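> Sequence and predicted structure below; questions after.
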Amino acid sequence: MSLLNPVNIPLSLYIHMPWCVRKCPYCDFNSHAVPDGQLSMDLEQQYLEALVADFETQVEMAQGRSIHSVFIGGGTPSLISAQGYQWLFDRLKARLDFEDDCEITLEANPGTVEHDPFADYLAVGINRLSLGVQSFDPEHLQRLGRIHSANNALDAIQQARQAGFERVNVDLMHGLPQQTEEQALTDLKLAVEHGATHISWYQLTIEPNTVFFRTQPVLPQDEVLEHIQEQGEAYLKANGYVNYEVSAWRKEKSSAHNLNYWQFGDYLAIGAGAHGKVTRPDGVYRFQKTRLPKDYLAKVPAEHVQMKRIEAEELPFEFMMNALRLNEGVAAAFYAQRTGLELDELNQKLMQLREKKLLIADSQRIACTEQGHIFLNSVLEAFL
């Protein structure tokens, strides 16, 4: 394994806001309900100060790089005021430069009692919104434990566009309990017709440590799921959306932050339970922050749960697991640049996958064929 030079690897920042109004039964994210659905100003400020202290411990990991993109996830990040984000950004930028065209995404819940209008978030530098809609169907929203109505969600998309947001992602799930094909397609149509410029459309999976895992709701049969997938993809393509990643469809440009994940870029991480990845000359490292908000706030600057080096034998799978999610894959040169390993060492595996028509026959790119995407798990197993 050769020495790595992080200077040409983009560096992003993930910020985790751990609170939400109510925990959804399908959610396995690090989210925690707050009393009355609203943070006190004192708790907001205490958490923001902890984020700055946390960031200071990671500045050296930048190794001279600027921040390429920021993603604020949760929880429900729109529980934090626009003024709070302005205070936070001012202090983060004082410690590390942000690129001039830095993409800053805020996750927002259409049912949240918002601190401020969308225009105020845009004014402080947030230039992309991601709305956690999941469905527009009243019965499905109730089953999912969502606190917003269909009208809340539709209004949120339109209000975001009217406020000046040119980039609005809508998260939608399909394969919901007792969902029909018609209902799933109606969700897509409503998002498209009301101005979503990017749609993250993914199938519900039942995760451990969730209410759904304990109650095991009845999900649609496989045949119905296949029809939903086929009809949904055809509809999105017919309406000008490009499927650039397994579950991501765009009319606008691709999400810079998510692309950096999939291209095996680096990202700092601040906030309770946040995960980060950084490249150093001697290897690639992952780390996680203290998970519970009360524990996170008790440690200033917040401690890493552990800084773990990804072993050389794990890197091929780690790299491919991300890169092959992209329909266009990645430049072959990224492999050596971002793992420190030589791509030649994988020649036999790559050749076999190309002969099976699972990878494209292009030595300058690493990408699945259409068939390869269908059997992506089998492709990835070759790199274990």
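Good, I have the coordinates. None of these values were measured; they are calculated from a predicted model.

> only C-alpha atoms for contact and neighbour calcs from this point on.
Noted.

> Residues in contact with stretch 70-85: which ones?
Stretch 70-85 is touched from outside by 12-21, 29-32, 38-39, 44-45, 48, 102-109, 112-116, 120-121, 124, 257, with contacts defined as Cα atoms under 8 Å, 6 or more residues apart in numbering.

> And it, end to end?
12 Å (Cα to Cα, to the nearest Å).

> Going forward, the N-terminal residue is numbered 53.
In the new numbering, first residue 53, that becomes stretch 122-137.

> what domains does the record give for the protein?
58-312, 379-435 (the TED database).

> So which of these is the most surrounded?
Most buried of those, by mean neighbour count (mean count of other Cα atoms under 10 Å): domain 58-312, with a mean of 18.

> residues near Val330, how many?
The tally of other residues near Val330 (other Cα atoms under 10 Å) stands at 25.

> Name the residue closest to the centre of the chain, please.
Asn310 (5.9 Å; Cα atoms, centre = their mean).

> For it, give me its contacts.
With Cα under 8 Å, 6+ apart, Asn310 has no contacts at all.

> which stretch of helix or strand covers it?
Using DSSP states H and E, Asn310 falls within helix 308-314.

> now what about the longest strand anywhere in the chain, what contacts it?
In the chain, taking DSSP state E as the definition, the longest strand is strand 150-160. Here strand 150-160 makes contact (Cα under 8 Å, 6+ apart) with 118-126, 128-130, 177-184, 308-309.

> what is the mean pLDDT for it?
If you average the pLDDT over strand 150-160, you get 96.

> Report the strands that pair with that strand, each with its relative direction.
strand 119-126 (parallel), strand 180-186 (parallel) (DSSP bridges).

> Quick one: those as TSV, columns for distance to Asn295 too.
Output for those, formatted as TSV (distance: least, Cα to Cα, whole Å):
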stretch	distance to Asn295
strand 119-126	21
strand 180-186	17
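
> Lowest average confidence across these, which one?
strand 180-186 (a mean of 93).

> who's in contact with whichever helix or strand comes after that strand?
Next along the chain after strand 180-186, taking DSSP H and E as the criterion, comes helix 190-195. Residues from elsewhere that reach helix 190-195 (Cα under 8 Å, 6+ apart): Gln186, Ser187, Ile199, His200, Ser201, Ala202, Leu228, Pro229, Gln231.

> what's the offset of helix 190-195 from the middle of its chain?
24 Å (Cα atoms, centre = their mean, to the nearest Å).

> could you point out which element follows it?
helix 202-215.

> still on that earlier bit, now do the residue nearest to the centre of the chain, the pLDDT please.
The predicted local confidence for Asn310 is 96.

> What separation is there between it and Gly328?
From Asn310 to Gly328 the distance is 13 Å (Cα to Cα).

> Of all the domains of the chain, which one is nearest Leu320?
For Leu320, the closest of the domains of the chain is domain 58-312, at 4.7 Å, according to Cα to Cα.

> just the angle between the helix or strand where Trp253 lies and strand 180-186, please?
Secondary-structure element containing Trp253, defined by DSSP H and E: strand 250-255. Note on geometry: by axes from the mean of the first three to the mean of the last three Cα atoms, to 10 degrees, strand 250-255 and strand 180-186 are set 30 degrees apart in direction.

> For Phe427, list the residues it contacts.
Phe427 neighbours (Cα under 8 Å, 6+ apart): Leu410.

> For Ile426, state which of the contacts of helix 190-195 is nearest.
Using Cα to Cα, those come closest to Ile426 at Leu228, 21.4 Å.

> how close does that closest one sit to Arg338?
33 Å.

> Next: Glu151.
Taking Cα to Cα, one finds Glu151 at 23 Å from Arg338.

> And the pLDDT at Phe386?
Phe386 is given a pLDDT of 97.

> again, but for Glu166
Listed pLDDT for Glu166 reads 54.

> got the residue ranges for the helices in the stretch 53-202 of the chain?
Along the stretch 53-202 of the chain, counting by DSSP state H, counting those that start in this stretch, helices occupy 93-108, 134-147, 170-175, 190-195, 202-215.

> closest to Ile412 out of the ones you listed?
helix 202-215 (37.7 Å).

> Put the alpha carbons of the closest one into CSV.
Only the C-alpha atoms of helix 202-215 are listed here, as CSV (Å, rounded to 0.1, in the frame of the first residue of the first chain):
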residue,chain,number,x,y,z
ALA,A,202,-50.3,15.6,2.3
ASN,A,203,-51.1,19.3,2.0
ASN,A,204,-48.3,20.1,4.4
ALA,A,205,-45.8,18.3,2.2
LEU,A,206,-47.2,19.8,-1.1
ASP,A,207,-47.1,23.3,0.4
ALA,A,208,-43.6,22.8,1.7
ILE,A,209,-42.3,22.0,-1.8
GLN,A,210,-44.0,25.0,-3.3
GLN,A,211,-43.0,27.3,-0.5
ALA,A,212,-39.4,26.2,-0.9
ARG,A,213,-39.4,27.0,-4.6
GLN,A,214,-41.2,30.3,-4.1
ALA,A,215,-38.7,31.3,-1.4
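
> roughly how far is it from the heart of the chain?
Using Cα atoms, centre = their mean, the offset of helix 202-215 from its chain centre is 21 Å.

> what do you get for stretch 243-260?
12 Å.

> and if you look at stretch 239-251?
With Cα atoms, centre = their mean, you get 19 Å for stretch 239-251.

> after the least confident helix or strand in the chain by mean pLDDT comes which helix or strand?
Lowest mean confidence among the helices and strands of the chain (mean pLDDT, DSSP states H and E): helix 263-267, at a mean of 67. Downstream of helix 263-267, the first helix or strand assigned by DSSP H and E is helix 274-290.
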